[in-house]
Every structure is written in structure tokens, then in C-alpha cells.
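Colleague: Build me a model:
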Amino acid sequence: MDLMPQGDYTPEKGTHKLDKFKDHLVAHSPLGPRDQAYFEKMKKAWSWATKMFSPQKVVEMLHTEYGHEKTHAYQILRDSYALWGDAYELDKKGASKVLVESAYVALQIAVRDKNGELILKAVKELRELQQIDKVEAAISPELAMPAGTRVYVFNGAVNVGQQPESGKEVVDGNVELQ
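Modeller: Purely as a prediction, here's the structure:
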């Protein structure tokens, strides 16, 4: 008795199980019937997530519609995030962008009306939304480029000055770290 799933769900060695779905999205490569059904479930789960249903509610909806266990429904949701992105994070970024644009409109209105108090409020709101005052820790040069000694090994004659060439070129690329 063979317990390993056969057919569409067995990925080839060296490929990710979602590569076939990415190929389907980008190159419109055909999917098998089982993969097409799974793809449609992922699309539906992601669509529900973008409509701001909680992950628990999406899992419950998958269970109601398809009869999936919670673990399988969560896997469908995770796979949809891997293909299209985390719907909840995308929505947060979109909402943040709308708030920033609204603050800019408020700033323009305050400038037009020459209202100093509203200008200061709008600038303060923009500073908070865009996190301008947030201090970011820079990576130190020691961590970014660790010190080390490089020894170049030349596998041929090296021409110094005006000596005749021996026909061999020096290739910079053989590196030994000590």
C-alpha cells in the first residue's frame, strides 16, 4: 500500500510546491484538475481575507463551503498569502497611504486658509504617519564589511614593468581567506 500522494501534489525535487501556481499566474501554464481546484480555493480564501474577514472566519468559511479540516483550511490560507501576499498587511499599508494622503490634503487646505494652528496639526500628523522622527539603527561598517585578509594566488607568470609577456594572463579570482 502506497501512502504517498500521487499525481498533482507531488513536487519534483528542487521545486517548491507553489511554483506550478506561480507559473499558472505568470505564464498561464495549465493546471491539472486537482491543482485547479486547489488554486480556486486559494483565490477564494485570499478574496475573503482582502474583504477583512479574520483568518479564523476564513478558515470557518472554507470548512463550511468545502468541508475542510482547520489545519487544511489554514494551509490553503497560508498558500494564498505566499502567492498574493498577506492581505491584512497589504490592507494596513493601503490604509496608511490613505491617511497620509488625507493629511496632505488637510495641510493644503490649512495653507490655503493661512491657518497656522491647522498647519501645525497637519504637519505633526504627517510626521507621525510617516514615522519621520523614528530613529533607525544603522548597521556599523564592522558588521557590514568584516575585516579579513585576502591572498591572491597567481597561476602564471606576472609581468612587471616592460618584461616580455609569457603568453599567460593573470586572472583575479582565485581567493584564499586566511
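
Colleague: Okay, domains of the protein per the record?
Modeller: 14-85, 89-129 (automatic domain parsing).

Colleague: so can I have TSV of those showing distance to residue 142 and mean neighbour count?
Modeller: (Each C-beta comes from the backbone N, C-alpha and C, glycine too.) TSV is the format used below for the domains of the chain (distance: least, C-beta to C-beta, whole Å; neighbours: other C-beta atoms under 10 Å):
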stretch	distance to residue 142	mean neighbour count
domain 14-85	35	15
domain 89-129	32	13
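
Colleague: Out of those, flag the one nearest residue 141.
Modeller: domain 89-129 (29.6 Å; C-beta to C-beta).

Colleague: which stretches of the chain form strands?
Modeller: Listed in chain order, the strands of the chain (DSSP state E) span 150-152, 175-177.

Colleague: Mind telling me which of the ones you listed the model trusts least?
Modeller: Among the strands of the chain, strand 175-177 has the lowest mean pLDDT, at a mean of 54.

Colleague: I'd like the mean pLDDT over stretch 121-140, please.
Modeller: 75.

Colleague: biggest helix in the chain, by residue count?
Modeller: helix 87-112 (DSSP state H).

Colleague: where in the chain is pLDDT low?
Modeller: The chain contains residues with pLDDT under 70 at 1-15, 90-91, 94, 132-138, 144-178.

Colleague: What ranges does it have for its helices?
Modeller: Going by DSSP H, the chain shows helices at 19-27, 33-50, 55-66, 70-84, 87-112, 116-129, 141-144.

Colleague: Which other helices and strands does the longest helix of the chain contact?
Modeller: Applying 3 or more C-beta pairs under 8 Å, 6 or more residues apart in numbering; DSSP states H and E, we find helix 87-112 packed against helix 33-50, helix 116-129.

Colleague: Specify the angle between that helix and helix 55-66 in degrees.
Modeller: If you take axes from the mean of the first three to the mean of the last three C-alpha atoms, to 10 degrees, helix 87-112 sits at 130 degrees to helix 55-66.

Colleague: these two touch, right, residue 109 and residue 119?
Modeller: No. Residue 109 is not in contact with residue 119 according to C-beta atoms under 8 Å; the separation is 9.6 Å.

Colleague: what's next to stretch 83-100, contact-wise?
Modeller: Defining contact as C-beta atoms under 8 Å, 6 or more residues apart in numbering, one finds that stretch 83-100 is touched by 18, 21-22, 25, 42, 46, 49-50, 52, 55, 81, 126, 129-130.

Colleague: Now with 6 Å, please.
Modeller: If you take C-beta atoms under 6 Å, 6 or more residues apart in numbering as the criterion, stretch 83-100 is touched by 21, 46, 49, 50, 129.

Colleague: Then stretch 118-137?
Modeller: 99, 100, 103, 106, 107, 110.
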